[in-house]
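Colleague: Next one to model:
(chains A, B and C)
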Amino acid sequence: MAVEAFAKTNLMEDIDDDDDMPLVFKRSSTTSKQNQSNSSSQKQDGRSGRQVPDVRSPNGQSSSTHKVKTAASSKASPAVSPLTNPKASPLSSRTSPAPNSRTSPAPNSRTSSSAGNQAKNVNQQSNIAPKESKQVVEPKSEPNDEAEDSEDDKPLSARVPSGLSKSNSSHANKVLGASTSVQKSRPPKKEDSDDEIPLASSFQMKSNAGASTSKFSSSEEVKPKIRQNGLPSATVLSKRPPGEVKSAAQASVKKPRLSDASTPVSSKQPSVKTEKKTEDDDDDVPLSQRIKKAVTSASASASKASSVKKATKVVSSSMKKTKKKLKKPKYSKSSKLQPSSGDGQKWTTLEHNGVIFPPPYKPHGVKILYKGKPVDLTPEQEEVATMYAVMLDTEYLTKQQFKENFMNDWRKILGKNHVIQKLEECDFTPIYEWHQSEKEKKKQMSSEEKKTLREEKLKQEEKYMWAIVDGVKEKVGNFRVEPPGLFRGRGEHPKMGKLKRRIRPNDITINIGKGVPVPECPIPGQRWKEVRHDNTVTWLAFWNDPINPREFKYVFLAASSSLKGQSDKEKYEKARRLKDYIEGIRSAYTKDFTSKDPVKRQIAVATYLIDKLALRAGNEKDDDEADTVGCCTLKVENVEPVPPNILKFDFLGKDSIRYQNEVAVYEPVFKAIQQFRSGKKGGDDLFDKLDTSKLNAHLKELMPGLTAKVFRTYNASFTLEQQLTKLTQGGELADKVAVYNVANKEVAIICNHQRTVSKSHSVQISRLNEKIDELKAVLEEFKVDLARAKKGKPPVKGADGKAKRNLTPEALQKKIDQTNVKIDNIERQIETKEELKTVALGTSKINYLDPRITVAWCKRHEVPIEKMFNKSLLAKFAWAMDVEPSFTF
DNA sequence: ATAATGACTTGTGTTCAGAGCG
DNA sequence: CGCTCTGAACACAAGTCATTAT
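Modeller: Model prediction:
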């Protein structure tokens, strides 16, 4: 292990890692066919199904069609459109602007607030889809064959947009056509032009040229040669086919890869890097790497603020030099993505310092009252009481389930014969108040004190923050062991309120490289449960979840690590590959809508829903989990067919977020759904012959590695790119950023990514409205003054009674114009705020949008990438930074 | 074939720090 | 120059999916 030694040194100095290895990127496709999963359980039927409705009704939101108009949350609706076929007109698709309100059985009441925005949404939609469902119907069926025209063939996203345009079908078709072509044939003239222009100007471009080329090649096989800078035609190549082939091949290849690539790399790296390059090195390092480095070091040094800038800068400056490297792909380095080995090996060497535990409980001595009298509690009892007390102002405390579960667990600690017998007789307010005052105290501390405190904490945690993987220092994600507390499940979780006990070292299994020191157990007298040396997994440690002992809590590397980056990239590459199969897949399932085989029919319809609506797969759940569903677990009552061809969806999905949508579908689908429902009760499974493993097994036959969730990634990224292409038109930087956000929002809506409305939302809105009022008043005054000025009269007195300066009419006009602009800006601000109040943009950005789309777009349009990605995202997507501007998903 | 296990991604809500404002 | 307000970072719950066990 000389290697190790080297590695060590590297880390310490944070050297760069250029190694000379050629990079081999491949994807490890571990696609095996089958899976399992329990399909059987339909336990909850009756009750679960029920629940949904119940929940909802309270809110008062009914899911009736009318809502459409009324409610408006733009959210769901977009998704809808997908289905309609081309002619049918996009609009139709939007039939129902489903309200996005979430039913939130959950703690937060998202539901409540939708009123405000609805209004807006309405507007939006209204333009869009006045049309209504009628047209929807067109199930023409030619979908596949012809593919091009039919909207169906397109991913939803495509459709969505079309929906937006109010134009009718013809227009729609056009749009579609355009998009289609784009998809299929990469480099239409449009692109070329784009490429060229931007190229020259954008700073990044140059960099890409050289460096990227080489890099890319490594990663992407095909493009290398072509990819040069902006050459227009190059793009074409990106076509997946080659890739696919490869991937398939790879699977079998696995082992070899490993050895060649990874092994050598690791050994080499270290040695190479050592000191040699010192200052220069950055240039040699690939961009992404550098960024990472910069970030890393910065954060390490505590000067985080600067890190971002640094990174960027580096990037640009480095660009020029990149060329030198070209010939050798040495960059592969670790920070860069390393191929994941086919045989499942994830690392060669791994060092880290284990995990850090929360501090032991410090009793405060504040007593709760039982039947009005103070009660003495042992520290253990008090600790649990405190967990409850601090939640006094949360919605959890209004839930019977929570209180019951809590009391059951607390009673175990109190003992059978404790004076405290009934939760209702307990008054936790003394502890609650004590806690509030502690919080207040903390807040009052001077910034100096806070800073000191922070630094101290940092110092303590520093050693746990990093791991060394194959000689490269990488950030660890969650190195802090979860502290004890009361379980906060989402939605109507049967286990909410249960005590999540303290985790001790002997609950924890450590995974670390062989031959390196095992992290010392931080709690004296105790030891780890187990130490493993498993290089086929990426976790550094795990413990059993105290709430669900058969499940685990893992400690992984941070998102910025190359291990994560590699798999992230593979995820997007897989989604891109789907592009080449999607037509065939769509035509195949379209055929099967009417298959005689009920299993086939269900698979076809389920696939269709997953494709068009971006639904999740929907694994079976146990009774001790919240009752939520995904595609395969939809209940009869979750999908209501409304003739002639509308499906109304209403269910609680992941995290008990409500999904409501109304969609026009092809007649065969509509019929199939009706047939699946017939003879069943509301709580019965809609797809009774299906489960996620059967579905995924089937998908895998259509494309290697294909699973249900790939459709979500595909549709999200496809939509982003498509929307960007459609909406971007030059203009100011701010306009471009706005365009991006609109595109991002479309995706978020399709994926149903919601967030709770912030408490201060309405306050903020009214504050802005006040501002507008003020400005309007000012405006009026200016107008008066202007009129007077034109007549040579002096301005009226201000509100304060002071005389104003005499201004020329021109000057006044200018002021008026400025004020109008201000008002417009605020109005726009209000609008977007309302629109986004329930939409979470971040989730898709982090998980679904291929960062290369964003990076390439930024390069093409000279938008600094920092405008779109924050520091974390820049670090996470380091692997995507050197993409060609001409990149297309 | 199905259930159990295991590992890893996705997702929302809370906390915290600092940007921006009056 | 203090203060709010926002977005980034963090926490951890809840999915997906592959593999192994039965």
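Colleague: mind giving me the domain ranges of chain A?
Modeller: A:45-97+A:112-186+A:591-722, A:369-447, A:754-880 (automatic domain parsing).
Colleague: okay, those domains, which one's buried deepest?
Modeller: Comparing the domains of chain A by mean neighbour count (mean count of other Cβ atoms under 10 Å), domain A:45-97+A:112-186+A:591-722 ranks first with a mean of 22. (Glycine included, C-beta is placed from N, CA and C.)
Colleague: Tell me which helix or strand comes right after the helix or strand hosting A:Gln818.
Modeller: According to DSSP states H and E, A:Gln818 maps onto helix A:809-836. Toward the C-terminus, helix A:809-836 is succeeded by helix A:842-847 as the next helix or strand (DSSP H and E).
Colleague: Give me the residues contacting that next one.
Modeller: Residues outside helix A:842-847 that contact it (Cβ atoms under 8 Å, 6 or more residues apart in numbering): A:Ala716, A:Asn744, A:Val747, A:Ala748, A:Cys751, A:His753, A:Phe869, A:Leu873, A:Lys876.
Colleague: let's go with 6 Å and repeat that
Modeller: A:Ala716, A:Val747, A:Ala748, A:Cys751, A:His753 (Cβ atoms under 6 Å, 6 or more residues apart in numbering).
Colleague: Please name every helix or strand in contact with whichever strand or helix holds the second one.
Modeller: Pointing back at A:Val747 there. In the assignment (DSSP H and E), A:Val747 maps to helix A:733-750. Under the contact definition 3 or more Cβ pairs under 6 Å, 6 or more residues apart in numbering; DSSP states H and E, helix A:733-750 sits against helix A:708-727.
Colleague: can you rerun that using 8 Å?
Modeller: helix A:76-80, helix A:156-164, helix A:708-727, helix A:809-836, helix A:842-847, helix A:865-868 (3 or more Cβ pairs under 8 Å, 6 or more residues apart in numbering; DSSP states H and E).
Colleague: okay, those in a markdown table with distance to A:Asn511 and mean pLDDT next?
Modeller: Formatted as a markdown table, the helices and strands packed on helix A:733-750 follow (distance: least, Cβ to Cβ, whole Å; pLDDT from 0 to 100):
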| stretch | distance to A:Asn511 | mean pLDDT |
| --- | --- | --- |
| helix A:76-80 | 41 | 33 |
| helix A:156-164 | 40 | 36 |
| helix A:708-727 | 26 | 97 |
| helix A:809-836 | 41 | 84 |
| helix A:842-847 | 25 | 96 |
| helix A:865-868 | 35 | 94 |
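Colleague: what's the closest of those to A:Tyr464?
Modeller: helix A:842-847 (23.7 Å; Cβ to Cβ).
Colleague: Are that closest one and DNA strand B in contact anywhere?
Modeller: Yes - counting by Cβ under 7 Å from any atom of the strand, DNA strand B has neighbours in helix A:842-847: A:Gly842, A:Thr843, A:Ser844, A:Ile846, A:Asn847.
Colleague: got a list of what A:Glu625 touches?
Modeller: A:Glu625 touches A:His493, A:Pro494, counting by Cβ under 8 Å, 6+ apart.
Colleague: That'll do, ta.
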